[in-house]
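In: Take this sequence and fold it.
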Amino acid sequence: MEMDTKIRFAGVINERGRLVAGGMKENVEPLENQKDDEMLFMELALRVKMRREFDKQLGSVNFAMASRERALAMSFILGEDILYVVAEPDADYGILPKKILDIAHV
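Out: Numbering: from 1, shown residues only. Below you'll find the model as predicted:
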């Protein structure tokens, strides 16, 4: 989170869609409640599993990004886990994922 002031959330999600490390940046108002977070993480884990179905044909996914009105969400594969990062919508989506890839050694 310290690498960019625009990052709101950084966490590791396991294959079951559970947050196992990380969380919200201090003094940042969450955009959703805890129940919504749980659903979002489970959906993310399922999406990552589905993307892996095409690894043989297309190669592994480096990262996935969704640009929304209120947030920029990115996911990175870390072995069996997922690094999930949420930034402000005006974050630099051309640079931020590359910085994360370099730091996470994905």
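
In: quick one, longest helix in this protein?
Out: helix 34-51 (DSSP state H).

In: So which bits of that helix are buried?
Out: D37, L40, F41, L44, A45, V48 (16 or more other Cβ atoms under 10 Å). Every C-beta, even on glycine, is put in place using the N, C-alpha and C of the backbone.

In: what about K35, distance to I95?
Out: According to Cβ to Cβ, to the nearest Å, K35 and I95 sit 33 Å apart.

In: mind listing the strands for this protein?
Out: 7-13, 19-24, 64-67, 72-78, 81-87 (DSSP state E).

In: In TSV: those strands, plus mean pLDDT and mean neighbour count.
Out: Shown next, in TSV, are those (pLDDT from 0 to 100; neighbours: other Cβ atoms under 10 Å):
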stretch	mean pLDDT	mean neighbour count
strand 7-13	96	20
strand 19-24	94	14
strand 64-67	95	13
strand 72-78	95	20
strand 81-87	96	22
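
In: Turn the ones you listed into JSON lines, columns for distance to I103.
Out: What follows is those, written out as JSON lines (distance: least, Cβ to Cβ, whole Å):
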{"stretch": "strand 7-13", "distance to I103": "11"}
{"stretch": "strand 19-24", "distance to I103": "13"}
{"stretch": "strand 64-67", "distance to I103": "16"}
{"stretch": "strand 72-78", "distance to I103": "10"}
{"stretch": "strand 81-87", "distance to I103": "10"}
